[in-house]
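S.K.: any chance you can model this:
(2 chains)
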Protein chains: 2
Amino acid sequence: MRDITQRPDLYSINTATLGYNAPLSVIIDACAERGIGAIAPWRRELENVSLNAIASQLSANQMSVSGLCRSTYYTAPSELERRRAIDDNRQALDVAAALNAACYMQVVGGLPQGSKDLHEAREQVKTGIRALLPHSRDVGVPIALEPLHPMTAADRSCLCSLRQALDWCDELDPDGEFGLGVAIDVYHLWWDPDLANQIQRAGKRILAFHVSDWLVPTTDLVNDRGMPGDGVIDIPSIRQWVEGAGYCGAVELEIFSSRWWQQDMNTTLDTSVDRIARYC
Amino acid sequence: MRDITQRPDLYSINTATLGYNAPLSVIIDACAERGIGAIAPWRRELENVSLNAIASQLSANQMSVSGLCRSTYYTAPSELERRRAIDDNRQALDVAAALNAACYMQVVGGLPQGSKDLHEAREQVKTGIRALLPHSRDVGVPIALEPLHPMTAADRSCLCSLRQALDWCDELDPDGEFGLGVAIDVYHLWWDPDLANQIQRAGKRILAFHVSDWLVPTTDLVNDRGMPGDGVIDIPSIRQWVEGAGYCGAVELEIFSSRWWQQDMNTTLDTSVDRIARYC
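M.R.: Below you'll find the predicted structure:
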């Protein structure tokens, strides 16, 4: 396991952590000042800005993009909507390629409006991913399937466990020719009794590693994540499994928190660097 | 799959659904009036009442107890506390036996206070269950392991999936001599991509089947369950799997809902009977 205590160059900040209050260029500078090695930006932040300018700014600071967030949901009641989602995600892959992102992050969608059919939802997602794999390979940006916490199954992600994500990888990209992989987020997966085994199984499929903490009590199903150290997740153990499986990419902090969004960006960034070093 | 539409004798009402506002004897009468075949009472409702009187009242109404709720948590920082929990649960088995309960329901506990060690928590639970199995057999009340939704892993249940519950059954009672089994609650398990397989695997280990619904959005991690039909769970499909595996016990409605707790008991019971018939 890597010693990351003095290595902010191995950290990444998912910009959702900062609440989208500052432009990306300002965030990049603030991260660069702290020696942070990567960011994971959101597509909304890249609208109406020059991708070349962002790429140049990152490059000038020896920074990279640990992942582009995130996919348009693949699940929808009509085939037209689902085709549009695929087209939208194809374009996003081009954006990810322009930034040389390590992966394109997938939050796949929950049940289609009005449906109770999880099996159908999952088939819709697989159809979408399958359609995108050739373009993913062509532009050189692997697709990262991110299993989300089961409490999001209805409205955000019918992909609910690492085992399921790896089953999909085996089904959709059995030989690894498309580089299809997974993102491991401790917040979504820490509870899984099968986690150590599945991480070992994942091996080189692991494209991203996300950290935050589970608060007790948790008062909101989406926006009450904690800063590492404030909750109950044994993050170092999970990182040890992930790195033992061969992962050597960034440790990405991704916190959706209405509390942290009220903080000043510099406070959040300073705390992030400190907490990754001490609790991840 | 059974046709349960005109069969309230196959329904059970978990008394938590009614918010503990009425004494058990009043609840039993209200259920009997509607032809409901069973209840699942809570231990707190059985303090300071005559178990014989309750048993007689149930018997006079041809009603049974689909399960006694619920175990004292097995996880705790000190061995003394863990021993006390086991003793407490041993006494509860006697209460369950006095009521001829179909099973003693287990909510096993989350992380011990101050701990981040899920593995240790799980070992504590298994140690506790193992200690109780002989008494469970002696009094003729099987222990039902209830996997809870992963969002409760920190503070209520480190037992998070049906697969895990069945692994524990195989480990603790490989030959089935103690009757150790599982409770399948659609609210906790509906998201699981492995659910159909694990239900088939469970077979005669299935001791209870609980219904309620997942609301979108869900605004509280504990007390925002929905009445069947108000959410997104395909309950009939899950019941089909459960009965296909051999289960022929009660369909038990268990809803923790600050909204339903504000309703009149008779309204809730009438709605329950209607919704089980139409949406389960």
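S.K.: what's across from the residue nearest to residue A:231 when sequence neighbours are not counted in the sheet?
M.R.: Spatial nearest neighbour of residue A:231, excluding adjacent residues (CB to CB, 6 or more residues apart in numbering or on different chains): residue A:213 at 3.1 Å. The C-beta positions use only the backbone N, C-alpha and C, and glycine is treated the same way. Residue A:213 has these beta-bridge partners by DSSP bridges: residue A:226.
S.K.: which pLDDT value does the model give residue A:213?
M.R.: If you check residue A:213, the pLDDT there is 98.
S.K.: surely residue A:53 is in a strand?
M.R.: No - Residue A:53 sits outside any strand when classified using DSSP: H, G, I helix; E, B strand; the rest coil, being helix.
S.K.: quick one: contacts for it?
M.R.: Residue A:53 is in contact with residue A:25, counting by CB atoms under 8 Å, 6 or more residues apart in numbering or on different chains.
S.K.: and the stretch 1-150 of chain A, which residues reach chain B?
M.R.: Residues of the stretch 1-150 of chain A lying near chain B by CB under 8 Å from any CB of the partner chain: A:111, A:115-118, A:122, A:149-150.
S.K.: which ones among those residues map onto helices?
M.R.: Counting by DSSP state H, the residues of the stretch 1-150 of chain A next to chain B place A:118, A:122 in helices.
S.K.: where exactly do the strands run in the stretch 101-250 of chain A?
M.R.: A:104-106, A:143-145, A:181-185, A:206-211 (DSSP state E, counting those that start in this stretch).
S.K.: which elements pack onto the third one?
M.R.: By that I understand strand A:181-185. Using 3 or more CB pairs under 8 Å, 6 or more residues apart in numbering or on different chains; DSSP states H and E as the contact test, the elements touching strand A:181-185 are strand A:143-145, helix A:162-172, helix A:195-202, strand A:206-211.
S.K.: what's the most buried one of these?
M.R.: Comparing those by mean neighbour count (mean count of other CB atoms under 10 Å in any protein chain shown), strand A:143-145 comes out on top with a mean of 27.
S.K.: residues making contact with that one?
M.R.: A:67, A:93, A:103-106, A:108, A:129, A:132-133, A:136, A:159, A:165, A:168-169, A:178-183, A:207-208.
S.K.: and what of stretch A:270-280?
M.R.: By CB under 8 Å, 6+ apart, the residues outside stretch A:270-280 that reach it are A:4-6, A:8, A:11, A:13, A:17, A:34, A:36, A:211, A:213, A:227-229, A:235-236, A:239, A:251, A:253, A:263.
S.K.: that stretch: how far from the chain's middle?
M.R.: Averaging C-alpha positions (CA atoms, centre = their mean, to the nearest Å) puts stretch A:270-280 18 Å from its chain's average.
S.K.: save the residues of the stretch 1-150 of chain A next to chain B as a markdown table, and put in neighbour count and pLDDT too.
M.R.: A markdown table is the format used below for the residues of the stretch 1-150 of chain A next to chain B (neighbours: other CB atoms under 10 Å in any protein chain shown; pLDDT from 0 to 100):
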| residue | neighbour count | pLDDT |
| --- | --- | --- |
| A:111 | 23 | 98 |
| A:115 | 16 | 98 |
| A:116 | 19 | 98 |
| A:117 | 16 | 98 |
| A:118 | 24 | 98 |
| A:122 | 20 | 98 |
| A:149 | 24 | 98 |
| A:150 | 25 | 98 |
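S.K.: need the nearest residue in space to residue A:185, chain neighbours excluded.
M.R.: Spatial nearest neighbour of residue A:185, excluding adjacent residues (CB to CB, 6+ apart): residue A:210 at 3.7 Å.
S.K.: tell me where the model's unsure across the stretch 1-150 of chain A.
M.R.: For the stretch 1-150 of chain A, applying pLDDT under 70 flags no range at all.
S.K.: re earlier: ok, the residue nearest to residue A:231 to residue A:193 distance?
M.R.: To residue A:193, residue A:213 is 19 Å away according to CB to CB, to the nearest Å.
S.K.: which one's more surrounded, these two?
M.R.: Set residue A:213 next to residue A:193 and count neighbours by other CB atoms under 10 Å in any protein chain shown: residue A:213 wins out with 24 against 21.
S.K.: generate JSON lines for the residues of the stretch 1-150 of chain A next to chain B, with distance to residue B:277 as supplementary columns.
M.R.: Below are these laid out as JSON lines (distance: CB to CB, whole Å):
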{"residue": "A:111", "distance to residue B:277": "24"}
{"residue": "A:115", "distance to residue B:277": "22"}
{"residue": "A:116", "distance to residue B:277": "18"}
{"residue": "A:117", "distance to residue B:277": "22"}
{"residue": "A:118", "distance to residue B:277": "23"}
{"residue": "A:122", "distance to residue B:277": "29"}
{"residue": "A:149", "distance to residue B:277": "33"}
{"residue": "A:150", "distance to residue B:277": "28"}
